[in-house]
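Enquirer: sequence isn't available, so here's the structure alone:
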């Protein structure tokens, strides 16, 4: 996994806020090298962001976690 630069974090956050319609979404760089970049809404972490570079092409994969206990009752 490649590291995500501060510039990429800012650009990715701006793009995700626009695409997902959520101004409260943040992309948080890891506090220490080797940890995951976190995706949060209203300071609640909802997933991770991973950067992939293959043959000069860069892409970002987002893994969003939703716990069953956070779902509304059936």
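Expert: That came in fine, so what should we check first? In this text, all values refer to a predicted model and were calculated from it rather than measured experimentally.
Enquirer: and the top strand by length along the chain, average pLDDT?
Expert: In the chain, with assignment by DSSP state E, the single longest strand is strand 44-54. For strand 44-54, mean pLDDT is 93.
Enquirer: from here on, call the first residue 13.
Expert: With 13 as the first residue, the last one maps to strand 56-66.
Enquirer: and the contacts of it?
Expert: 13-16, 20, 24, 39-40, 48-52, 70-78 (CB atoms under 8 Å, 6 or more residues apart in numbering). Glycine gets a C-beta too; all of them are placed from N, C-alpha and C.
Enquirer: how does it look with 7 Å?
Expert: Contact with strand 56-66 is made by 13-14, 16, 24, 39, 48-52, 70-77, as judged by CB atoms under 7 Å, 6 or more residues apart in numbering.
Enquirer: in it, what's buried?
Expert: 58, 60, 61, 63 (16 or more other CB atoms under 10 Å).
Enquirer: what's the closest of these to residue 44?
Expert: Nearest to residue 44 among the buried residues of strand 56-66, counting by CB to CB, is residue 60 at 14.7 Å.
Enquirer: how near is that closest one to residue 47?
Expert: Residue 60 sits 9 Å away from residue 47 when distances are taken as CB to CB, to the nearest Å.
Enquirer: just the helices in this structure please.
Expert: 18-32 (DSSP state H).
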